[in-house]
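A.B. asks: Could you work out the structure for the sequence below:
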Amino acid sequence: MEPLLRWSAPTASDVARRFDVVFYSWLGITSFVAIGIFAVAVYFLVRYRAGAQVDRSAPPDRNPWLEGTWIGLPLTIFVVMGAWGAYEYSALYRVPAQAVPIYIVAKQWMWKLQHANGRREVDELHLPLGRPVRLIMTSQDVIHSFYAPALRVKQDVVPGRYTSLSFTPDRAGEYYLLCAEYCGTHHAGMRGRIVVMSPAAYGQWLAAGTEVPGLAAQGFAVFRRYGCSGCHGERSSVHAPDLDGLLGRAIHLADGRTLIADENYVRDSILLPKKDVVAGFDPIMPSFAGQIPEEDIAAIIDYIRATGRPHE
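C.D. replies: Purely as a prediction, here's the structure:
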């Protein structure tokens with residue numbers, strides 16, 4: 001694993017390389033401007049110091065060309081750099097096709113992770129080299145912050161909602177996983193490691209885990225255990241929304257709003273069912289707040305993501 005203190009962390013993801021280009025471009029431009037202003041200031045301090053033999057009889061009161069350049073050139077540079085930075089930052093939230101979903105639950109003071117095949121980790125995150133991944137994160141208690149310096153990713157992990165990051169690891173090795181938000185007494189000890197492996201080694205690592213059902217299969221079992229299939233199943237006589245292919249679908253709500261179903265929508269529908277009532281349906285679903293742990297919610301979400309529930 002790389003040293004914790006060094007001039008620059010290694011670059012181990014696609015966004016890391018792009019972010020470094022943006023950062024050092026900004027550093028170069030601002031350094032050039034700062035040095036230029038300092039040099040001009042020193043020149044005028046020396047050239048027009050008290051007692052210097054210079055003509056001060058007719059100082060210029062305006063210079064349209066100089067003023068236009070001084071306003072237009074920095075404005076153009078800042079707008080271009082701002083747009084560039086915003087585009088690169090948005091890459092963290094553009095989910096690539098075939099991204100590998102990994103669910104993360106933060107709690108004092110550990111990272112609990114689960115892969116799609118059901119394998120779990122604590123304070124370790126194994127990733128496949130060269131394959132896009134999507135981290136879907138929430139907190140069980142207080143605000144944490146998922147921070148991987150080598151990947152150049154940092155995202156607040158907030159109780160009561162999901163946040164996510166998307167990137168592609170592009171350098172094999174072991175890297176630090178830290179919490180960058182003060183989260184209590186043992187905050188400094190909330191650290192782990194990220195292991196980037198070749199796709200073949202990653203596949204072997206996944207297969208070598210404890211024999212447990214995949215996350216979607218676990219979600220189906222949870223779906224039935226909590227009685228969800230009694231209303232949302234194909235044979236149910238209750239008038240409830242169809243969940244097949246839900247994620248990514250436009251949902252029309254009873255109050256006239258329309259939203260795109262995502263992980264937060266599913267979570268809110270389980271814990272706060274009266275928040276976003278689907279148009280044409282009565283708000284009769286009970287709340288499962290305080291009854292269902294975050295790991296079970298993640299499993300249900302992955303089950304819904306898989307779509308095409310098995311026939312009962």
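
A.B. asks: Find the centremost residue of this protein, please.
C.D. replies: Leu165 (2.7 Å; CA atoms, centre = their mean).

A.B. asks: ok, how many other residues are close to the closest residue to Ala299 other than its chain neighbours?
C.D. replies: Excluding its sequence neighbours, the residue lying closest to Ala299 (CB to CB, 6 or more residues apart in numbering) is Gly219, at 3.7 Å. In short, each C-beta sits where N, CA and C put it, glycine included. Neighbour count for Gly219, taken as other CB atoms under 10 Å: 24.

A.B. asks: tell me the pLDDT at Gly219?
C.D. replies: You'll see Gly219 listed with a pLDDT of 83.

A.B. asks: Using just helix, strand and coil, how would you label it?
C.D. replies: With DSSP: H, G, I helix; E, B strand; the rest coil as the basis, Gly219 sits in helix.

A.B. asks: Look up which helix or strand Leu127 falls in, please.
C.D. replies: strand 124-128 (DSSP states H and E).

A.B. asks: now the very next helix or strand once past that strand: mean pLDDT?
C.D. replies: Toward the C-terminus, strand 124-128 is succeeded by strand 133-139 as the next helix or strand (DSSP H and E). Mean pLDDT, strand 133-139: 92.

A.B. asks: re earlier: next one: the residue nearest to the centre of the chain from Arg152, what distance?
C.D. replies: 11 Å (CB to CB, to the nearest Å).

A.B. asks: so what's the nearest residue to Val238 once chain neighbours are set aside up against?
C.D. replies: Once flanking residues are discounted, Val238 sits nearest to Cys231: 4.2 Å by CB to CB, 6+ apart. Contacts here follow CB atoms under 8 Å, 6 or more residues apart in numbering; on that basis Cys231 touches Val238, Ala240, Met285.

A.B. asks: Out of the residues you listed, who's the most crowded?
C.D. replies: Met285 leads the contacts of Cys231 on contacts (other CB under 10 Å) with 19 neighbours.

A.B. asks: Give me the pLDDT for Arg191.
C.D. replies: On the pLDDT scale, Arg191 gets 91.

A.B. asks: Which element, helix or strand, includes the residue nearest to it when sequence neighbours are not counted?
C.D. replies: The shortest distance from Arg191 to any non-neighbouring residue, by CB to CB, 6+ apart, is to Leu178 (5.1 Å). Taking DSSP H and E as the definition, one finds Leu178 inside strand 173-179.

A.B. asks: Next: Trp70.
C.D. replies: With DSSP H and E as criterion, Trp70 is part of helix 64-90.

A.B. asks: Which elements pack onto that helix?
C.D. replies: Using 3 or more CB pairs under 8 Å, 6 or more residues apart in numbering; DSSP states H and E, the elements in contact with helix 64-90 are helix 14-47.

A.B. asks: Name the residues of the helix it packs on that are buried.
C.D. replies: Across helix 14-47, burial judged by 16 or more other CB atoms under 10 Å covers Asp14, Val15, Ala16, Arg18, Phe19, Trp26.

A.B. asks: domains of the protein?
C.D. replies: Domains of the chain are assigned by automatic domain parsing as 1-50+59-211, 215-306.

A.B. asks: any idea of the mean pLDDT for the strand holding Leu178?
C.D. replies: 92.

A.B. asks: okay, that strand in PDB with CA atoms only?
C.D. replies: C-alpha atoms of strand 173-179 as PDB (Å, rounded to 0.1, in the frame of the first residue of the first chain):
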ATOM      1  CA  GLY A 173      -2.700  -2.400  -6.300                       C
ATOM      2  CA  GLU A 174      -3.800  -1.600  -2.800                       C
ATOM      3  CA  TYR A 175      -4.900   1.800  -1.800                       C
ATOM      4  CA  TYR A 176      -6.300   3.600   1.300                       C
ATOM      5  CA  LEU A 177     -10.000   3.800   2.100                       C
ATOM      6  CA  LEU A 178     -10.700   6.600   4.600                       C
ATOM      7  CA  CYS A 179     -13.500   8.500   6.200                       C
END
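
A.B. asks: That'll do, ta.
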